[in-house]
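> Fold the following, please.
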Amino acid sequence: MFNPGDAVFYVVATAVIVCAAGVAFSKNILHAALYLLGALLGVGGVFVFLSADFLAVTQLMIYVGGVLVLILFAVMLTQRIGDRESSNPSKGVFGGSLVLLGLLGVFSWLATTIRWPAPSGKVLDTTTERIGDLLLGHWLIVFEVISLLLLATLVGAVVVARREPTP
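Numbering: from 1, shown residues only. Now for the predicted structure:
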């Protein structure tokens, strides 16, 4: 039986695949960043379909709201980026196409042969409270170590990106 929700899911999934291909094959780095925006938004939409509310919001806040904006600022602030003919030259297209076709075949075989459980129709509970309890309870030390690693990465990026003073 046809479900309109399934059709919307397939449209979103197709948009994610098209945008991901746009990131990989775009010759212009600004266009690649905009395709990345579409792919990340689409992945957030897929998380909504999977009832993973925490992952969907995290995807939007961290990747779309933070990382992608940082990439766009880096692209916009880079001097003489227009001097380059191709910021993403296509190398290894043949090998990449072989890997793509192989993975597409494997994923298609898996999607058609695995007996997927039928949806139960019940509304799933939110996951945010449980994840928050785990992050600030059982996994607190790991959470803090990762935050220190990200802080060190940020400081390192600032050191690498700073300009030397001109005499």
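> ok, which stretches of the protein are helices?
Along the chain, the segments classed as helices by DSSP state H run 4-25, 29-49, 53-58, 69-77, 93-113, 128-135, 140-161.
> what's the closest of those helices to residue 119?
Closest approach to residue 119 among these is made by helix 4-25 (9.7 Å; Cβ to Cβ). The way it works is simple: take the backbone N, C-alpha and C, and place the C-beta from them, glycine included.
> What is that closest one packed up against?
Identification of packing neighbours for helix 4-25 by 3 or more Cβ pairs under 8 Å, 6 or more residues apart in numbering; DSSP states H and E yields helix 29-49.
> so for the helix it packs on, what's the average pLDDT?
Averaging pLDDT along helix 29-49 yields 89.
> Now do the helix or strand bottoming out on mean pLDDT in the chain: everything it contacts.
When the helices and strands of the chain are compared on mean pLDDT, DSSP states H and E, helix 69-77 comes out lowest with a mean of 76. Residues from elsewhere that reach helix 69-77 (Cβ atoms under 8 Å, 6 or more residues apart in numbering): 29-30, 33, 36, 81.
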